[in-house]
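Undergrad: show me the folded form of this:
(3 chains)
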Amino acid sequence: MLNAKIPAGPMEAKWADYKSHVKLVNPANKRKLEVIIVGTGLAGASAAAALAELGYKVKAFCFQDSARRAHSIAAQGGINAAKNYQNDGDSVFRLFYDTVKGGDYRAREGNVYRLAEVSASIIDQCVAQGVPFAREYGGLLSNRSFGGTQVQRTFYAAGQTGQQLLLGAYSALQRQVALGNVKLYSRHEMLDVVTVDGKARGIIARDLISGKLERHFGHAVLLCTGGYGNVFYLSTNAMGSNVTAAWKAHKRGAYFGNPCFTQIHPTCIPVSGDHQSKLTLMSESLRNDGRIWVPKKKDDNRKAVDIPEEERDYYLERRYPAFGNLVPRDVASRAAKERCDAGYGVGTSKMAVYLDYAEAIVRYGQIEASKKGLDHASEEEIIKWGKAVVAEKYGNLFDMYAKITGENPYEMPMRIYPAVHYTMGGLWVDYELMTTVPGLYALGEANFSDHGANRLGASALMQGLADGYFVIPYTVGNYLADEIHTKPIPLDHPAFVETEKAVQAQLDTLMNIKGEHSVDHFHKALGKIMWDKCGMARNEAGLKEAIVEIQALKAEFWKNVRIPGSQDEFNPELEKAGRVADFIELGELMCMDALQRRESCGGHFREESQEDGGEALRDDANFQFVAAWEYKGPSSFELHKEHLDFEIVKPTQRNYK
Amino acid sequence: MKWSQFFNTSIGKKLLVGATGLFLCSFVIVHLAGNFSLLKEDGGEAFNLYAAFMGHNPLIQFIAWGLKVVIVIHLVLALQLTFRNRAARPVKYAVRPGNQTSSWYSRQMAIMGSVLLIFIVIHLAQFWWRMHYGEMNVAMYDGKETGNLYEVVWFAFKESWIVALYVIGMIALSFHLIHGFKSACQTFGLNHKKYNGIINFIGVWLFGVLIPIGFAAIPVVIFIKQI
Amino acid sequence: MKLTLKIWRQQNTKDKGKFESYQVSDVSKDMSFLELFDVLNERLINEGKDPVAFDHDCREGICGACSMYINGRAHGPWDETTTCQLHMRAYNDGDTIVVEPWRAKAFPVIKDLTVDRSAFDRIIQAGGYISVNTGNAVDANAIPIDKFDADNAFAAAACIGCGACVAACKNSSAMLFTSAKVSQLALLPQGHPERKQRAMDMVAQMDKEGFGSCTNTGACEAECPKGISLTNIARLNREFIGAGLTSEG
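TA: Numbers count the residues shown, from 1 in each chain, chains lettered A, B, ... in the order given. Below is the predicted model of the structure:
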């Protein structure tokens, strides 16, 4: 039985109580303790900065050329915090409640409560660092409502909140680099965890420029390596986002939690052809004003503007009158897929729905007209003013859409389709963010902990920074306090030698296959299997087929992949090959996890488990647990369950009608 | 930061280039004002008196030497920066953007400056050297003797190639100052929505158009009058 | 569309490098510029040749990794657009496109179109931060900030650190990059205690890295994919002058 080590006591006192009783490390000893941090996104950069400030010796690694480029930078919408600056009834409890409910009752209450508690401090910290959040004319911070919440608790910096938060954490990290407390290794990729006597004691990393393998010792190792959405090949993740660090840790004994929980974001720009390399997200905020529709007639090839109002099906408003276009991400995504699968899709690929701003333009135009006191403004004037208002609110998104598609979204509706965006699953961690390998931690999207089966908008940034700034500085001390007598392990220790040998062997094998197909060929094949059979809707037969197909793909990959060049140089194809090899293995586990979870919850929709109207149906009696998988060998995984208790937020069926 | 450190930074050097440049800008205004007396139809009296005053007043003499020092500072630092800037890109691009991203004259400050330098050397040799160290006819005004520089100037501007040289020099001055004035302001941090209009106006119309045309008009007019 | 690509190929930092020409056919107008390179690389791999190395990651114009100098323009012909967001509808059938890496002494070529921009990180290390330890912060609304200043700070902070300013500048100057960070922190009250030291240290580091000086041609502003304004350079100049003239250290 897995022990999450949730502190006893009432929910609101757990974290305070933990902090009061946690073991401390004195400053003189901190200087002797080394911590390895892999990944420099929000979680990694904030953890590296915070731990270095405390006095630990930190080594930080990222595969990008600069720590500032981690994919947290691409988050658009905002960051939630229970500040209640708007006096609209928000509180730590409400943020906690919304997150547990939004996660469809598959998250751990204790962790989520702590997340809501520290959320306010994150905003304070970021403002102090110079993060330029949006402000009101009075000079105070501005908030908006996001993802259908009933309170305004989202702090934002135009459509670039992730960028600004990451640059804040990055600058704090760079300050510690300048002070000599952090040694930064950019263009380095972690390829394995080194364990000594069952504890994580270091990593093997590859210098991506020289191709050399390096051994690095640490008293503790923190993985802050993000999510694994790229298992689908096409996703909104960056091209380099990968699961390798987490997967290698998994193979060294760290359990993988809820791997099948992926989030499909409803408002992305659709695929334009076979050349497509990634998908671009359009902020969820577009659903605040846009209306989503498809033609009522199948295979309607008329231009959107030529389809009269009565022949349009505003299917979200029809199916969910209460929430309309603002239903949660998973619901909106599935509804779009349902319409397209039924033959009502639009655009050349027929895999898209319309997001229409025509009505919003008129509505805003009329408001402007009445502001100007003009009762008899012409239709053209109203549209002109309306477009100006829309441009002010969403201009950057509209520009982005126009650049990518070549279409003018002010004149014709945008085409959108859901795309993989975030992975709620990840390495299983306890309350202290420690994996099942002592001394090995996972933070941010890399762990599974806080979002259950569906993440709410503007909560990912919150979790990354909460873990890095405000959780790990306490919890890692609790472990390191017992490590003050551990001397740095010499790098010629057999564990380092053996692990490096294994990494070297894999690189040699990859280079020596000299097969016929590029890495991308296999990645695309994997993506297609995953998207078709383990995507927005899953069923038993499909998942079983997928597992067989992935196993075949794996065999083919190791027989037939072609990697040009050598391993002693900058070789991006070799990097990709290692990542895709791990994605293939993870894909299999995701399908196994999706297969065992014979319920629908959050982003996980099993066709066998739905209500009469097609809505997702949870099965709390049988599946109110975290699935934590243990690696037992190739294609062999053992399921461990962590039962979830809901003391406060009692599970109910979500209803958006 | 010590002064030596301050003026050794790239911005510190640019400040000196900008400051000396602005000083030279103020000089050209004064110089032009005086030169207009060349066009006065008084047989050269006003100009020769002005030249005599400029050539003998101790304060003006001091400033005149200062002016040469300023030119040298402007030149040496600008060259230092130019070499440094060249060194910052050891491998050049095969394709360059031309004027798509910047104006040609903003990129050719060193070339325009070099043309001006050549012009200034010729100009000084022609008139300043002649006045101080060469031989000139003498003119008498109110019983006072003074060198007849007026005559020298009029004589020089009979030659069409000299007139052409002066016009070329003033074209170089125009483009050097159109960018130079604004650029110096920017280096001093003067970039403000409310004042950029006036800075641009002064840079373009005063230093880029009026002053160079004024200077160039003198040899041209003198040339035409003597045809 | 059929296109001719002339691409800079350079095995490593020490190699001299040269242009290679490639014909690419069946180019779709809907492709991004980097997807064109994906297609080309797939072909090169299948032909047993070395694919073109180039930096890229987010492919949505925010990470700042992509960095191609295309027909004489940093990030290509479209305004306020990164290479990854440039789409092939910018080109016509039969066009020849010359692609070079960012060129600057401070950005040595690693391979082909990939350059080393760690100099930017070191400029930030010199002072591009506010020294506040985690947990020290006062309430976020304790200090109201003029919305105008906050908006300007944000506009400066939008810099993605791609290096297009250096690439576009005839002097390879890093003034726009450095000034964007100095401006952001100078405009916010939280940045004031360190502003003098920050300006002096960041400029010193910028010089040390071997970037050229600014001659105010404005090419950086014209090529910046995030529209960072020259007013930031003026502000850096003011900050630096103020610091240099008044600091006692």
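Undergrad: ok, residue 212 - contacts?
TA: By default, I'm working from chain A. A:206, A:568 (CB atoms under 8 Å, 6 or more residues apart in numbering or on different chains). Glycine gets a C-beta too; all of them are placed from N, C-alpha and C.
Undergrad: can you look at chain C instead?
TA: B:10, B:84-89, C:169, C:171-173.
Undergrad: in strands, which of those appear?
TA: Using DSSP state E to define strands, no part of these is located there.
Undergrad: in PyMOL, select just the buried ones from these.
TA: The PyMOL command for the buried members of these (criterion: 16 or more other CB atoms under 10 Å in any protein chain shown) is given here:
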select buried, (chain B and resi 10+84+85+88+89) or (chain C and resi 169+171+172+173)
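Undergrad: hang on, isn't A:Val231 packed against A:Gly527?
TA: Yes: assessed by CB atoms under 8 Å, A:Val231 is found in contact with A:Gly527 at 7.5 Å.
Undergrad: so between these two, which is more surrounded?
TA: A:Val231 (31 against 22; other CB atoms under 10 Å in any protein chain shown).
Undergrad: nearest spatial neighbour of the more buried one, chain-adjacent residues omitted?
TA: Using CB to CB, 6 or more residues apart in numbering or on different chains and skipping residues adjacent in sequence, the residue nearest A:Val231 is A:Phe583, 4.7 Å away.
Undergrad: check which helix or strand covers that neighbour.
TA: Secondary structure from DSSP states H and E places A:Phe583 in helix A:572-596.
Undergrad: after that helix, next one along is what?
TA: Following helix A:572-596 toward the C-terminus (DSSP H and E): helix A:620-623.
Undergrad: tell me which other helices or strands that next one touches.
TA: Using 3 or more CB pairs under 8 Å, 6 or more residues apart in numbering or on different chains; DSSP states H and E as the contact criterion, no helix or strand is in contact with helix A:620-623.
Undergrad: pull out the buried positions in it.
TA: Residues of helix A:620-623 classed as buried: A:620, A:623 (neighbour count, 16+ other CB under 10 Å).
Undergrad: and that helix, how far out from the chain middle?
TA: Computed by CA atoms, centre = their mean, to the nearest Å, the separation of helix A:620-623 from the middle of its chain amounts to 25 Å.
Undergrad: what is the rounded mean pLDDT of it?
TA: In this model, helix A:620-623 has a mean pLDDT of 97.
Undergrad: from the contacts of C:Gly212, which two are the most distant?
TA: Of all pairs drawn from the contacts of C:Gly212, the widest gap by CB to CB lies between B:Ser10 and B:Arg89 and measures 14.9 Å.
Undergrad: so what does the lengthiest helix in chain B touch, helix or strand wise?
TA: As assigned by DSSP state H, the longest helix anywhere in chain B is helix B:58-87. Judged by 3+ CB pairs under 8 Å, 6+ apart, the packing partners of helix B:58-87 are helix B:10-35, helix B:45-56, helix B:109-123.
Undergrad: quick one, phi/psi of the closest residue to chain A within chain C?
TA: Nearest residue of chain C to chain A (CB to the nearest CB) works out as C:Pro144 at 2.9 Å. In this entry, C:Pro144 is assigned phi and psi values of phi -70, psi 140 (degrees, to the nearest 10).
Undergrad: next up, the contacts around it.
TA: A:138-140.
Undergrad: and stretch B:104-114, does that touch chain C?
TA: Yes: under the criterion of CB under 8 Å from any CB of the partner chain, chain C is reached by stretch B:104-114 at B:106-107, B:109.
Undergrad: export those to CSV and append columns for distance to chain A and pLDDT.
TA: Output for the residues of stretch B:104-114 next to chain C, formatted as CSV (distance: CB to the nearest CB, whole Å; pLDDT from 0 to 100):
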residue, distance to chain A, pLDDT
B:Ser106, 29, 96
B:Arg107, 29, 96
B:Met109, 33, 96
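Undergrad: which among those residues gets closest to C:Ala153?
TA: Distance to C:Ala153 across the residues of stretch B:104-114 next to chain C (CB to CB) is lowest for B:Ser106, with 28.1 Å.
Undergrad: low-confidence ranges, chain C, go.
TA: Per-residue confidence for chain C (pLDDT under 70) gives these ranges: C:249.
Undergrad: can I see the domain layout of the chain?
TA: Picked chain A for this. As assigned by automatic domain parsing, chain A contains the domains A:265-420, A:492-621.
Undergrad: you answered for a different chain; I wanted chain C.
TA: Chain C breaks down by automatic domain parsing into domains covering C:3-110, C:117-246.
Undergrad: most packed of these?
TA: Mean neighbour count (mean count of other CB atoms under 10 Å in any protein chain shown) peaks for domain C:117-246 among those, with a mean of 23.
Undergrad: how far does it sit from its chain's centre?
TA: With CA atoms, centre = their mean, you get 13 Å for domain C:117-246.
Undergrad: likewise for stretch B:131-140?
TA: The chain centroid and the centroid of stretch B:131-140 are separated by 24 Å under CA atoms, centre = their mean.
Undergrad: what comes up buried for it?
TA: Across stretch B:131-140, burial judged by 16+ other CB under 10 Å covers B:131, B:136, B:139.
Undergrad: closest one of these to chain A?
TA: Of all the buried residues of stretch B:131-140, chain A sits closest to B:Met131, with 59.9 Å by CB to the nearest CB.
Undergrad: check which helix or strand the closest one maps to.
TA: Assignment of secondary structure by DSSP H and E places B:Met131 within helix B:129-133.
Undergrad: ok, A:Ala304 - contacts?
TA: Contacts for A:Ala304 (CB under 8 Å, 6+ apart) come out as A:346, A:354, A:356, A:412-413.
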